[in-house]
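1. structure for this input, please:
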Amino acid sequence: MQTTWKGTISFGLVSIPVHLYSATQEHDVPLHQVHAKDGGRVRMKRYCEREEKEVPYAEIAKGYESPDGRTVTLSDEDLADLPLPSKKVIDVLAFVDATEIDPLMFSKAYYVGVADKAAAKPYALLRDALVASGQIAVTKIALRTRESPAVLRVHDGTLVLQTCIWPDEVRPAAGIAPEENVAVRPQELKMARSLMDTLSEDFDLSQLHDDYQQALQQVITARLEGVEVPHEEEAGGAPDNVIDLMEALRSSLKQAKGQRAPAAGPEKPEEEPAPRKRAAPKKTTAGGSAAEKATGKTAAGKSAAAKKTSPAKKTTTRKSTAPRKAS
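-> Okay, the predicted model is just below:
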């Protein structure tokens, strides 16, 4: 693995010589710019406007144009000699909980390795202290031509340096979310939580794959072999105007359960919880409400019906208990 940066982690009076290695890699299909008419390769040339000719890469420097039109030229030596402490030192500034750093600020990740055997003990000390405390270390580092805040955390027993953007580089989110006061019913929230739980069952992030790169590779292969380019029918677009949110949630939940367990049979759809009924009053007063009077009439009707059926029961009892005649 190629070393990206060499320096030292400063942890109080403890110094840890380390190397940084890029922790991620992208798997893009390499594409070039070509002339659409004949497929000829289009190359970008470094052209000097003043001399009106192409210049070699060795003569390229960086420059800054001031508002009044003046240009300041900066060489690689100028950038390398900047009076910046973080060029070769990762200075630990503080230890904070991971939740205090908004993931929106995270940028690129680097694995941190020791530069020599003597650094193994302090490296393990810092790593184990971070694990035991459940915290991350806030630092600063200068990589190439930019100084960035960064955090040190532990991943699979290895220290990871995660560069960040500066807090003032995060754009405010004001005015993007709906500003009106939208009321969400408890039934809708409950249904949404059920959908979340169903979609999260047996989820494995490692099983995700890049469909775009796979489709692009299929098109390239078809062009190379001179066969028809594969086409896939477009999926139906999502509705842009949801009228009944509860019905949309029910349908989504039913579809998700069907995809998770197709052999389990049809699932019983989620129902809205019925409104709680008020308990009927135990006693009815003379000046009670119409509902109470109706309840009293019903009770009286039931009592009258019970009295009508009572003699039949007594007759049956008398027949069953009459003495038998002597033979």
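
2. wait, is L31 part of a strand?
-> No: residue assignment for L31, taken from DSSP: H, G, I helix; E, B strand; the rest coil, gives coil, which places it outside any strand.

3. check what pLDDT it gets.
-> According to the model's per-residue confidence, L31 sits at a pLDDT of 90.

4. that one and G40, how far apart?
-> Shown here: L31 relative to G40, a distance of 15 Å by C-beta to C-beta, to the nearest Å. Using the backbone N, CA and C atoms, a C-beta is placed for each residue, glycine as well.

5. just I141 next, same as before
-> On the measure of C-beta to C-beta, I141 and G40 end up 43 Å apart.

6. of the two, which one has the most company?
-> Legend: neighbour count by other C-beta atoms under 10 Å for I141 and G40, higher for I141 (23 against 9).

7. name whatever forms a beta bridge with that one.
-> When bridges are assigned using DSSP bridges, the partners listed for I141 are S148.

8. stretch 227-244 spans what distance, first to last residue?
-> Distance between the boundary residues of stretch 227-244 (C-alpha to C-alpha, to the nearest Å) amounts to 46 Å.

9. swap that for stretch 45-56, sorry
-> Separation of the first and last residues of stretch 45-56 by C-alpha to C-alpha is 9 Å.

10. how far off centre is it?
-> Offset of stretch 45-56 from its chain centre (C-alpha atoms, centre = their mean, to the nearest Å): 47 Å.

11. so what touches it?
-> 57, 60 (C-beta atoms under 8 Å, 6 or more residues apart in numbering).

12. kindly report the same for stretch 161-176.
-> 20, 90, 101-102, 104-112, 139, 141, 143, 148-153.

13. just the buried residues of that stretch, please?
-> When burial is assessed from 16 or more other C-beta atoms under 10 Å, stretch 161-176 yields the following buried residues: 161-164.

14. just how off-centre is that stretch within its chain?
-> In terms of C-alpha atoms, centre = their mean, the centre of stretch 161-176 is found 17 Å from the chain centre.

15. just the C-alphas of it, formatted as PDB.
-> Once non-C-alpha atoms are left out, stretch 161-176 reads as follows in PDB (Å, rounded to 0.1, in the frame of the first residue of the first chain):
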ATOM      1  CA  LEU A 161      -7.400   9.600  10.400                       C
ATOM      2  CA  GLN A 162     -10.600  11.200   9.000                       C
ATOM      3  CA  THR A 163     -10.100  14.600   7.400                       C
ATOM      4  CA  CYS A 164     -12.900  17.100   7.800                       C
ATOM      5  CA  ILE A 165     -14.000  20.400   6.300                       C
ATOM      6  CA  TRP A 166     -13.900  23.500   8.400                       C
ATOM      7  CA  PRO A 167     -17.200  24.300  10.300                       C
ATOM      8  CA  ASP A 168     -17.700  27.500   8.300                       C
ATOM      9  CA  GLU A 169     -17.500  25.500   5.100                       C
ATOM     10  CA  VAL A 170     -20.800  23.800   5.900                       C
ATOM     11  CA  ARG A 171     -23.700  25.600   4.200                       C
ATOM     12  CA  PRO A 172     -26.700  26.400   6.300                       C
ATOM     13  CA  ALA A 173     -29.800  24.400   5.700                       C
ATOM     14  CA  ALA A 174     -32.300  27.300   6.400                       C
ATOM     15  CA  GLY A 175     -35.200  27.500   3.900                       C
ATOM     16  CA  ILE A 176     -34.800  24.000   2.500                       C
END
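
16. give me the mean pLDDT for it.
-> Computed over stretch 161-176, the average pLDDT equals 94.

17. what about I136, helix or strand, and which?
-> I136 belongs to strand 135-143 when assigned by DSSP states H and E.

18. stretch 104-123: which residues count as buried?
-> When burial is assessed from 16+ other C-beta under 10 Å, stretch 104-123 yields the following buried residues: 105, 109-112, 114, 119, 122-123.

19. determine which two of those residues are furthest apart.
-> For the buried residues of stretch 104-123, with distances taken as C-beta to C-beta, the pair at the greatest spread is M105 and A119 (28.3 Å).

20. would you map the helices across this protein?
-> 76-80, 120-133, 186-200, 211-225, 245-260, 290-321 (DSSP state H).

21. pLDDT (mean, whole number) over the last one?
-> Averaging pLDDT along helix 290-321 yields 44.

22. same question for the shortest one.
-> Per-region confidence: helix 76-80 scores 82 on mean pLDDT.

23. next one: stretch 252-272
-> Per-residue pLDDT over stretch 252-272 has a mean of 60.

24. much appreciated, bye for now.
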